[in-house]
Every structure is written in structure tokens, then in C-alpha cells.
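Colleague: Below are the sequence and a predicted model; questions follow.
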Amino acid sequence: MGLNSNRVEDLSSHETAVRIPDLEAAMAQPAQEIHKVCLPPKQTTLQKLKHRLSEVFFPDDPLHKFHYQTTFLRKLLLGLQFFFPIFQWGPLYNVTLLRSDVISGLTIASLAIPQGISYAKLANLPPIVGLYSSFVPPLIYSLLGSSKHLAVGPVSIASLVMGSMLSEVVSPVQQPDLYLKLAFTATFFAGVFQASLGILRLGFIIDFLSKATLLGFMAGAAVIVSLQQLKGLLGIVHFTSKMQLAPVMSSVFSHRDEWSWQTIVMGFGFLVFLLATRHISMRKPKLFWISAAAPLTSVLLSTLIVFLLRSKSPHISIIGNLPKGLNPPSSNMLFFSGSFFGLAIKTGIITGILSLTEGIAVGRTFASLENYQVDGNKEMMAIGLMNIAGSCSSCYVTTGSFSRSAVNYNAGAKTTVSNIIMASAVLVTLLFLMPLFHYTPNVILAAIIITAVIGLIDYQSALRLWKVDKLDFLACLSSFFGVLFISVPLGLAIAVGVSVFKILLHVTRPNTMVLGNIPGTQIYHNLSRYREALRVPSFLILAVESPIYFANSTYLQERILRWIREEEERIVATNGSTLKCIILDMTAVTAIDTSGIDMIREIKKMLDKRSLQLVLANPGGTVMEKLQQSKALEIFGCSGVYLTVGEAVGDISSLYKAQAQAQP
């Protein structure tokens, strides 16, 4: 033990590694050398706080480009490129890139126009609002966004949530003006919330919406949306505004007298056509343009059919007159007080979170395919600012659409100019082509919505969840059935609750295990996982795989004492070597608080009374620092902390052997 007289060294480095004897050699002779366990370099409280905040809020070091710049003009240019990515790629733009962006922009415009009208209907808003929302937001995103392929506009999930939440309180039929004001106000608060997350770099908040949660939520929403479209597909005039499964199905069959066979034939005919084109494009991605052009083709064909047969098919409802012209200002329609103010904020935050999650996920998906990076915080600011501007120009919540972005990517988009081209096509439509949509049947909008949302039902991913993680599968099911049978926002809340419960379960009930030695090595692994691992006589080696906090310190104390009791019972049953030492492997313990330190102290005292030695192996830097500052290391003495489990076993074994030889 003379080589181990100073177990803790207050240095930032330690001696070079030397060969450590294997277990058998360690039991036979003293270890050659024991590495010192070092404390981290000393830092002031301000330095620690600065480091911690930078890790929490600036893990990507967004200002690294400014570090070595000396001229003001260079810093100004970098600042403009940071806030407006168009200044980064704009100077390199050329005719070749423009040709690709024009083709992709016109392609997604053919999809965006019918989808915009359809999603506005899904949100219980006038159809023209969907086109307004496909004009202003894409222009703003093209200046601020960092994704080359994200196609911006209304999306089904945000439309559904906004429509369901607002219509539960305000009727879009009986109070259309108030409903429209609420939609614009909710959009404003969605934008403020999104931009605030980006500015304050709080994007980790949206991580509470796990993929499993969103998978179930989107599937449930897709089912509800599809069932809601039975109103249009069957030609029902009086239909429930509720979004639960039972009321929707009840309304479908209780109004059978309103079913229109002409509407049914047209609706299901075009639905089959749209689904067939979608299937073709999925099987052969090079034919993406077929499904991209199918919605607009369906709108034009159905409009022509209704126009030609308008005297013979009076039961087919149509959109009617849509006003021509640019987006009218709507800032005067925003309100910041009154009895509906809370509803607007709540709707804005929920739709803002959902649209932000979808937009960033879509952007990162296509960025990974093209090997470039999308800055999540920039995206939050871009999406938030475009929604704030949209709320003042008769737009409702918009974000990046997966279907339109996929078409944009497959069409060969190179920059966000494709959004400008799409917005220009929408502008032409708003100024000159609106009368053409007068005879567009509502049934075709229902078919387009069903085709768009049916892809959100991903049963294969749900099956993978069941195989990999049962708690994730439970969160998925909770979200799915919550949306179907309770309501859209409550279903989402239940799913988030299940996800948070999963986090708390992992924190409060961390994994612990007994380690054994792999013969002939200094490697120690889980006994239940590695059959070749062997128990070390007189030792119980335990590993904790989580930080030790107030939330789990009591559990860990009870669980460690239980491991010790079970080991003693096993020794008695097998007539094994007496238990003398417990080694606590702290390799995976990334942090510890005062409650955790008190727990270790308490276990140490309890084991000392039972003549059992407690040893710590490989505590991390911050853990070592807190153990020293709290003077908890003093109770362990000079041989209580080791760099590795192998060194602890070898050193302590040699001590036990020396003591046994010294006895007469």
C-alpha cells in the first residue's frame, strides 16, 4: 500500500498508463502501480456557470466564425449571413441553380394551391386564407430559413389542431368574424412563441414531444381528419363539429338522408385516382411529379365536370366565389384582451409547438440527405417571424410541409428560391385565376385532404416501437387513442404526460447491476449479460448507470443494500468466501448532488458498522470535485477511491493477502 499513499491528486493530468496485472496475478502479488484519481482543473464559480450555460444554450457554438475576425466589415458580413442566410448563398447564385429552382417551385405550387385551399377548410377557415398562407410566409422564409428544401405553407396537423381547439368554443359558422380573429391572434402567438424559443435558444423544450408521441398523435389525427372528410365525400350538409370518433361516426349514419350519390361517385372516384398516383410515386420515386400534379389535375377536372353538369348535379356543393387580390392586412383583427384571449394563447402555443416540431424535423431530414446542416434555432426564429408576419397579412399557422418538401427535393430544388417561385405562382393565382375555382366541388378538397394525411399513419414504425421499447409504444397508443376518443389537444397532453413519466421513471429508478471479471483481462461487465464473467471472491462490484440526485438517492441506497443482502445470502447458500468489500463503479455517474453525497456517506457508515469496506471506482470530474468540496472523501481514507475497478480489486486483494500472511 506504500505506492497508494496519496489516492487523490489535485492535478489535471496523471502518470502514463502502465500494464496492470490480471485478476489472478493481482490475487497472487501486489499491484505494480496504482493510478491517481485526479480532480478537474480549478475553476471559479463564474467560469463554471459560464461553461454550464454555454453547454445548455450554445452546444453548437454558433458564434465560432466571429472568434478570429478583426475587421468590422467582416464581422458585419458574418452577422448578416448569420441572421439572413440568403447573404451566404446569394452571391454564388447562378442561372443553373435558378433553372432547378424554377422547375421545383412551379411543381410544388401545383401541390400547394389545392392543399392550401383544402387545409384552410380543415381549419374551418375561408379557403382563400389557405392561399394567402401560401404566399407571404414562403417569401419571408426564403430570406431567413437555413433549409434549402423546406417548402413552406399550411399543414394538416396544425390546421386540424387549430380548427378543433377554436371550434370547441367559437362556432366558425355562427361567429365567422370572431373565429377568424381568433385564428389570426393564435397565429401571432404561435409565431411569438416559436421566435422566442429560437432567440432564447430554448429549442430543447420541443424535445418533450418524442417521436413515439408524435407517431401516435399524427396517426390518430389522420384517422379523425379522414373521418371528418366523410362530410364532403358523402355530401352531408349538417355535420358535427366535434373531433372524437363516436360523434363523427354517429353524425355520418344519422344523416343518411343527406347522402348524395353524385357526390359519392365523384369523391371516391377522385380519391382512388389520388391514392393510385401516390402509390405510383412511392414505388418509383423518379415519377414523383405524378402525385405532385394529381391534386391540381383533380381540381381542374372536377371543376370542369361540375361546370358542365351544373344543371344536372345541383346536390354537389361547390366552393363559390373567392375574392381576387393580394393578402389584406389583418393586424387590426388581432386582440390582446377579452374572454377569448386565453384560448388564443393556448391554441397558438400548441399549434406553434406542433408546427415547429414538424418543420425542423422535415428540414433536418432533407439536410441529412444532402449533407448540410440546418440550424434548429435559426429555423425557430425563421418560422416564428414568418408566422408573426403572416398573422398581420391574413395568414394562419404555417410551417414546412413534409409532402411539399419531398416534392421540392425530388424536383431538384437547390435553394430557398423555390419558395419564392412557388409564392409567385400563388400570387398569379390570387390576382387572376380565382374565378376559376368558383365551381370547384368541396368533395375534391376532402379527397385531397384524405390523400395527404393517410401517409401519417405509419403502422410499421409503431410495430418497431413495440419490439424495441414498450414504454414508447405505450406513449404512442396513449396519443393515438387519446386523439380518437377524447380530443386532439388532450390526446396530445396525455401522450406528453406518458413521455414525461418515462423520463421520471428512468431518473428515479436508474439501472444498477453486479459486475464480474472477464477471465484473463481487466474488464468487468454485467454478470447477467456476459456468461463468461466471474464473480470476484470477497468482492461485490456494483455499477450505477445514472446521475445520483435527490430523486433517486433513496432508491439507490435501498437497492445497494438489497444487492449486499442478496450477495450475503448467496455466499451462505454456496459456502463461498466471506464478503469483505463493495466496489461502487461510478463510471456512468455523470453528476451528483448533496442528496447523493449524503446517501454515499450513509451507506459508508452502515457498511463500516458491519465491517464491510466501501470503495469508489472511476468517479467523474464533477463528481470528484463535489465529493472533495463536501469533505466526503475524508471518510474513505487513502484507499477508498480508485481509477478503475481492476486497480481496486488488485490493490485491495494484495492488502488482504498481506494481512492474512501477517497473522500468526
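Modeller: Okay, I see it.
Colleague: Would you map out the domains in this structure?
Modeller: Here the domain assignment for the chain is 8-42+510-662, 116-265+312-460, based on automatic domain parsing.
Colleague: The nearest residue to Val136 once chain neighbours are set aside: what's it in contact with?
Modeller: Of all residues not flanking Val136 in the chain, Ser393 sits nearest, at 4.7 Å (CB to CB, 6 or more residues apart in numbering). Any C-beta I mention is one placed from the backbone N, CA and C, and that applies to glycine too. Contact analysis of Ser393 by CB atoms under 8 Å, 6 or more residues apart in numbering lists 132, 136, 327-330.
Colleague: re the thing from before, which one of the domains of the chain has the lowest average pLDDT?
Modeller: Least confidently modelled of the domains of the chain is domain 8-42+510-662, at a mean of 83 by mean pLDDT.
Colleague: where's Leu271 relative to Gly520, distance?
Modeller: The gap separating Leu271 from Gly520 is 67 Å, by CB to CB, to the nearest Å.
Colleague: Also Met422?
Modeller: Counting by CB to CB, the gap from Met422 to Gly520 is 65 Å.
Colleague: the more surrounded of the two?
Modeller: Counted by other CB atoms under 10 Å, Met422 and Gly520 do not tie: Met422 has more neighbours, with 32 against 10.
Colleague: Include distance to Thr107 when you put the domains of the chain into a markdown table, please.
Modeller: Below are the domains of the chain laid out as a markdown table (distance: least, CB to CB, whole Å):
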| stretch | distance to Thr107 |
| --- | --- |
| domain 8-42+510-662 | 48 |
| domain 116-265+312-460 | 4 |
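Colleague: Please identify the most buried of those.
Modeller: domain 116-265+312-460 (a mean of 21; mean count of other CB atoms under 10 Å).
Colleague: for that one, how far is the first residue from the last?
Modeller: 29 Å (CA to CA, to the nearest Å).
Colleague: just use 664 as the starting number from now, easier for me
Modeller: Yes, from this point I'll number from 664; that puts the last item at domain 779-928+975-1123.
Colleague: was I right about Cys1139 contacting Ile1120?
Modeller: No: counting by CB atoms under 8 Å, Cys1139 stays clear of Ile1120, with 11.9 Å between them.
Colleague: re the thing from before, compare the domains of the chain and give me the one nearest Gly1154.
Modeller: With CB to CB as the measure, domain 779-928+975-1123 is the member of the domains of the chain nearest Gly1154 (6.0 Å).
Colleague: who's in contact with Asp1256?
Modeller: If you count contacts by CB under 8 Å, 6+ apart, Asp1256 has them with 1211-1213, 1289.
Colleague: ok, so of the contacts of Ser1056, who is nearest Pro910?
Modeller: Nearest to Pro910 out of the contacts of Ser1056 is Tyr795 (CB to CB; 30.8 Å).
Colleague: In this structure the closest one contacts Asn990, no?
Modeller: Yes: here Tyr795 reaches Asn990: they are 4.5 Å apart, a contact under CB under 8 Å.
Colleague: Between the two, which contacts overlap?
Modeller: Residues touching both Tyr795 and Asn990 by CB under 8 Å, 6+ apart: 1056-1058, 1093.
Colleague: Let me know the closest of the residues you listed to Asp1261.
Modeller: Distances from Asp1261 to the shared contacts of Tyr795 and Asn990, taken by CB to CB, are shortest for Cys1058, at 55.8 Å.
Colleague: I'd say that closest one and Leu802 touch.
Modeller: No: contact criterion CB under 8 Å: Cys1058 and Leu802 do not qualify, at 11.0 Å.
Colleague: which residues are contacting the strand or helix carrying Ser805?
Modeller: Assessed by DSSP states H and E, Ser805 sits inside helix 799-807. By CB under 8 Å, 6+ apart, the surrounding residues in contact with helix 799-807 are 746-749, 813-816, 990, 1041, 1044-1046, 1048-1050, 1052-1053, 1056, 1058, 1061, 1079-1080, 1082-1083, 1085-1086.
Colleague: now do stretch 987-998
Modeller: Contacts for stretch 987-998 (CB under 8 Å, 6+ apart): 795, 798-799, 843-844, 847-848, 851, 1004, 1007, 1054-1058, 1090, 1093-1095, 1097-1098.
Colleague: Distance check, the residue nearest to Val799 against Asn990.
Modeller: The value you get for Ser1056 to Asn990, if CB to CB is used, is 4 Å.
Colleague: can you pull out the helices in the stretch 1064-1213 of the chain?
Modeller: 1065-1073, 1080-1091, 1105-1116, 1122-1131, 1133-1148, 1151-1171 (DSSP state H, counting those that start in this stretch).
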